[in-house]
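Trainee: Starting from these lines, generate the structure:
(chains A, B and C)
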Amino acid sequence: MLNFIASCWRTSGKFKFGVTVLALLVLIALVAPLIYRPIIGTSSPSRPGVFPRWQPPSSTNPLGTDGHGRDLLTDYLAGLRMTLYIGFLAGVIATSVGVSVGFLSGYQGGWLDSILLTITNMLIVIPSYPILVALAMVTPEMNVTTMSLILALFSWPFSARTIRAQVMTMKERPYVELAKVSGQRDLSIIFTEILPNLMPYLLMGFAFSVVGAMVAEVGIEAIGLGPSNIITLGLMINYANGWGVYSMGRMEILLIPVGVLVVIFAAITMINRGMEEYLNPRLQKVTTES
Amino acid sequence: MNVQSNSKTLMEIKDLRVWYRTTRGNAQAVDGVDLTIQRNEIFGLAGESGCGKSTLAKGILGMVRLPAFVESGEANFYRSVSGSSAVASDLIKLPARDMRKMRWRHIAYVPQSAMNVLSPVARIEKQLLDAIFEHTNMSKKEARDRMFECLDMVGLEPAVARMYPHELSGGMKQRVTIAAAISLKPELIIADEPTTALDVNVQQVILQELKQIAADLGLTLIYVTHDMAVHAELADRMGIMYSGLMVEVAPVVETFKEPLHPYTQGLISSIPMIGGGRERMTGIPGNAPSPLAWPAGCRFHPRCPYVMEVCREKVPPMIEVAPDRLVACHLHPTPLSESASPADLSLPDWEEAVSRAPGVQPVQAMKKGGDTAEELS
Amino acid sequence: MMTTQTQNVPVLDARSVTKVFNIPTPGFQREYIAAVDQVSLALSEKPARIVSLVGESGSGKTTLARMMLGLTPPTRGQILYRGKRISELDKREWWDFRRNVQPIFQDPFGIYNPFYRIDRALDMTIKNFNLASSSEEALAIKSEALRAVDLRPEDVIGRYPHQLSGGQCQRVMLARTLLLRPKVIIADEPVSMIDVAVRTLFLNILLDFRDTYDISCLFITHHLATAYYMGGPMLVLCFGRVVESGDIDQLLAKPSHPYTQQLLKAIPTPDPTQRWQNRANVKITERPLTHEGNKCVYVARCPHAMPICSQQRPPDFEIEEGHYAACFLHQDKPQREAIPQVSRRHRHAVGAED
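Mentor: Alright, predicted model coming up:
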């Protein structure tokens, strides 16, 4: 796996860019508390009323404060942290489910494959957003975990389909047959022969799930259906809208979370494109021959 | 290069280099090839995998895409305009637009897989007619007539025109590709391993047809394949490539009867022939080198049973050592123009040479009973 | 060679095996194709022989190979290992079968999982068959096997497949096979994807395996000249059926089936002074899709087709001792006796080792 990542890095400029930017953002998210603790002390970032409302940027509040009396910089840092976390969590859930389903489907074939494939396809075809909204509305207690689960619901089918297709071809590969005639057991074959070669697809599926989850998260939060006690970038967009920042002349309150989201998506997309460049020989500007 | 170019020359390739960018530097796949192709001949380009022959073909056709690129060199194509006069264009320097016009109209390409030329979503007739319309001003009727004429020349029924590629067998698709290639009556066809993936029977049909068509239409054909037997059946002259360079160019009969370059000799000695005695062949010892690090001096020297000191240091130049026979080997240092009397150019017996060569040993027979084979040097 | 001798039970014996595939077609008609159609072939332990199976693409040779390796079951007919049906082998016998019947595949690179180093293929075999009791011993065995196929262990161990040439990769396959000392190697087009100059080394190693280690081989190829170099018995496979069989010298001296004759004429000879004299038949037809059992499989292309060829399936006729052709042109000659199927009652695989 590390070899693969190293090779992508060497081959693709896009990959380098995406990974660098993402790494930077993750780093910021991780050290965020160190940045905002000095500002807000020990209170929770979402606690309102710590500062006076609508303050312009100052030495205590580098970006000013929002309509709830919260420090804006803290808002964004906490939001970045939470958005990345939710996206990541949803991505992990979606990919795990998707890979398991895809694998079973592809390897076993037969009636199991038919059932799983039908479920997968149904979930792809059904318009996800309205269902997500509906689910968000009826969920009694919306917290991070519940939200991630809901977001993962519509992301896993895509991984599942890709993995299924790959497993079906890999099953027939000569090296799988070689493993069989060398006495490897079936389960061992799955883990040692097939799974490692699925890594690139796993990573790509993961990246897509994360982006999908974050988009969906923004979608839900922006119309106010997410948990309002946890700050995410989507929630900030919702608030910014609600406060009417255009008329207030403080557009940056809206633009900053949007901008950060765009950068996250761009970085992840670049990573995906970079992996594709490495994997698809036709796209290569430089080959990796040894 | 000693061969004089005159109106008989169709193409002159000078010091062509096509390299590949890799993460470890440039792979010098084609590294200084000089070659002259005569009009109306069938030229066989031979060599094993990795020698650069396919890259050379693509380089001439301007079909080189990143990570491959043309590092230097010329490919002068003497297109006949009217009667005996010829217009020379350097295909390497030609801008993409002009190269596109050149392709199909003057130089056609038949690749290994027909699906590299045919689109799976259009009927055969549409594809053939499109090509004709794009490059000429024929009327619809003329174009259709030409199309059916070409299909007939390759032995396909007119009904094939209405079919889709997936309805045809591999051999038939390849014949369609050839029909497309000849439809504009080009002067040169470059075929890159067109029959390698096909059955022996179909291969025979296609090879015989190609030969017939080339003779009937006065075409020049460059046929690229590693299969020496195909060259023996088809080619007039042939060129052997090894490690990105041309090592021998000679008429096909001479090449087989009296190979000049040790590699050619080894290659020919490795071909199993039906009906011959069944002595063990040795093949060519060693492994083909990597284009990222060609050996110094003569690139074949690590595997050559006749290797001399000079071979390790100096790259042998390509010299004409007999009429129309060129070779790049230090065993043949005297050009024809300088040799006083006709020299005996033939090499000693290959099997003997390999068995006596130091450091280049054939596989020893394994000892029975014990489990260790003899240490190989 | 082809007949079963009771005292010498063949190691691997295919008796009238057939493999039928269903072809999905639009509509409700189901078309099926018999990729392998009543093929019988036996490989004995002593004397070790290299049996060549010559067939073009679509002849069913790979399907037959996979059946004989136990990777896919025959639709009809039996594959016997030491006299017992493969599907009935118990655990111990199955391991014995696995050890003694080993493949060499066509694609020298595709056979290795690109994720791992190339010697993992050797390690896997050593581990699963308990060939070494320690890692030092494993390394010793590996190195020895590599040297036996003209490879230097330091060139191979620790490398990835793409770092080696096709010829080297294929020889590593041979080294792996040598570790097990099987009785039979099933080689499916082992040299068609490696360079001509390197092929001879590989072929010579296979010949040495036969002479030195008594390893028999089913050598599947489309290249008649290569089969000629190996010598020995040969079967010609056409559209799933064996149309001619015998010793290769017999077949070359007297090719008796029109398909064999056509094949010999179509092969390019590496001698420019001996070019093709005949003109090939331009109208090559496609393989008949639906299997019709009661016809000669070559009837659509055969220049000598007679009415009976479309009415019955030709049996094997004996042209001379050991040389058979399935063609009605020879119906005046004696027919070959049918090969019996084995009953289910066989308890043990004969001579199975521990």
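Trainee: And the helices in chain A?
Mentor: A:2-11, A:13-40, A:72-108, A:110-125, A:128-138, A:144-153, A:156-171, A:174-181, A:186-188, A:195-222, A:233-243, A:245-248, A:252-279 (DSSP state H).
Trainee: Out of these, the one nearest C:Q78 is which?
Mentor: helix A:174-181 (19.9 Å; CB to CB). To be clear about C-beta, it is placed using only N, CA and C from the backbone, and glycine gets the same treatment.
Trainee: got the helices of chain A as CSV, with mean neighbour count and mean pLDDT columns?
Mentor: CSV is the format used below for the helices of chain A (neighbours: other CB atoms under 10 Å in any protein chain shown; pLDDT from 0 to 100):
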stretch, mean neighbour count, mean pLDDT
helix A:2-11, 15, 75
helix A:13-40, 16, 83
helix A:72-108, 22, 87
helix A:110-125, 13, 88
helix A:128-138, 14, 82
helix A:144-153, 20, 83
helix A:156-171, 21, 87
helix A:174-181, 20, 88
helix A:186-188, 10, 82
helix A:195-222, 21, 84
helix A:233-243, 22, 82
helix A:245-248, 12, 76
helix A:252-279, 19, 85
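Trainee: could you redo those as TSV and give each row distance to B:W294?
Mentor: Below are those laid out as TSV (distance: least, CB to CB, whole Å):
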stretch	distance to B:W294
helix A:2-11	23
helix A:13-40	29
helix A:72-108	44
helix A:110-125	51
helix A:128-138	56
helix A:144-153	54
helix A:156-171	36
helix A:174-181	32
helix A:186-188	43
helix A:195-222	33
helix A:233-243	56
helix A:245-248	66
helix A:252-279	27
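Trainee: between those helices, which one is nearest to B:V202?
Mentor: With CB to CB as the criterion, B:V202 lies closest to helix A:174-181 of the helices of chain A, at 26.0 Å.
Trainee: Which residue, neighbours along the chain excluded, lies closest to the closest residue to chain A within the stretch 201-350 of chain C?
Mentor: Closest contact between the stretch 201-350 of chain C and chain A, by CB to the nearest CB, is at C:L218 (14.2 Å). Distance criterion CB to CB, 6 or more residues apart in numbering or on different chains; nearest residue to C:L218, sequence neighbours excluded, is C:I186 at 4.8 Å.
Trainee: Where does the prediction get shaky in the stretch 201-350 of chain B?
Mentor: Scanning the stretch 201-350 of chain B for pLDDT under 70 picks out B:340-343.
Trainee: that older thread, what values do phi and psi take at the residue of the stretch 201-350 of chain C closest to chain A?
Mentor: For C:L218, the backbone dihedrals (degrees, to the nearest 10) come out as phi -100, psi 110.
Trainee: contacting residues for it?
Mentor: Contacts for C:L218 were tallied using CB atoms under 8 Å, 6 or more residues apart in numbering or on different chains; they are C:12, C:41, C:43, C:51, C:53, C:65, C:68, C:184-187.
Trainee: C:L201 now?
Mentor: Counting by CB under 8 Å, 6+ apart, C:L201 touches B:283, B:285, B:363, C:150, C:167, C:171.
Trainee: Repeat that for C:L164.
Mentor: Residues in contact with C:L164 (CB under 8 Å, 6+ apart) are C:118, C:155-156, C:172.
Trainee: Can I have the buried ones of these as a ChimeraX selection?
Mentor: Selecting just the buried residues from these in ChimeraX takes one command, with 16 or more other CB atoms under 10 Å in any protein chain shown as the test:
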select /C:118,156,172
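Trainee: ok, the contacts of C:L164 vs chain B, which is closest?
Mentor: C:D155 (9.0 Å).
Trainee: show me where the stretch 51-200 of chain C has strands.
Mentor: The residue ranges that make up the strands of the stretch 51-200 of chain C, judged by DSSP state E, counting those that start in this stretch, are C:76-81, C:84-85, C:101-104, C:184-188.
Trainee: Any chance of those in JSON lines with mean neighbour count and mean pLDDT as columns?
Mentor: Rendered in JSON lines, the data for the strands of the stretch 51-200 of chain C read as follows (neighbours: other CB under 10 Å; pLDDT from 0 to 100):
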{"stretch": "strand C:76-81", "mean neighbour count": "21", "mean pLDDT": "91"}
{"stretch": "strand C:84-85", "mean neighbour count": "20", "mean pLDDT": "90"}
{"stretch": "strand C:101-104", "mean neighbour count": "25", "mean pLDDT": "93"}
{"stretch": "strand C:184-188", "mean neighbour count": "25", "mean pLDDT": "94"}
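Trainee: Now the most centrally placed residue in chain A. Nearest residue, chain neighbours left out?
Mentor: Most central in chain A under CA atoms, centre = their mean is A:V210, positioned 1.6 Å from the mean C-alpha point. Leaving aside its sequence neighbours, A:V210 sits nearest to A:G91 (CB to CB, 6+ apart; 3.7 Å).
Trainee: Now do the same contact list for the one you found.
Mentor: A:G91 makes contacts with A:152, A:155, A:206-207, A:209-210, A:213, as judged by CB under 8 Å, 6+ apart.
Trainee: Greatest separation within these: which pair is it?
Mentor: A:A152 and A:A207 (14.3 Å).
Trainee: which SS class is B:H330?
Mentor: Following DSSP: H, G, I helix; E, B strand; the rest coil, the label given to B:H330 is coil.
Trainee: Can you read off the pLDDT for the residue of the stretch 201-350 of chain C closest to chain A?
Mentor: You'll see C:L218 listed with a pLDDT of 95.
Trainee: show me the contacts for the residue of the stretch 51-200 of chain A found nearest chain B.
Mentor: Of all residues in the stretch 51-200 of chain A, A:P200 sits closest to chain B, at 17.5 Å by CB to the nearest CB. Counting by CB under 8 Å, 6+ apart, A:P200 makes contact with A:4, A:275, A:279.
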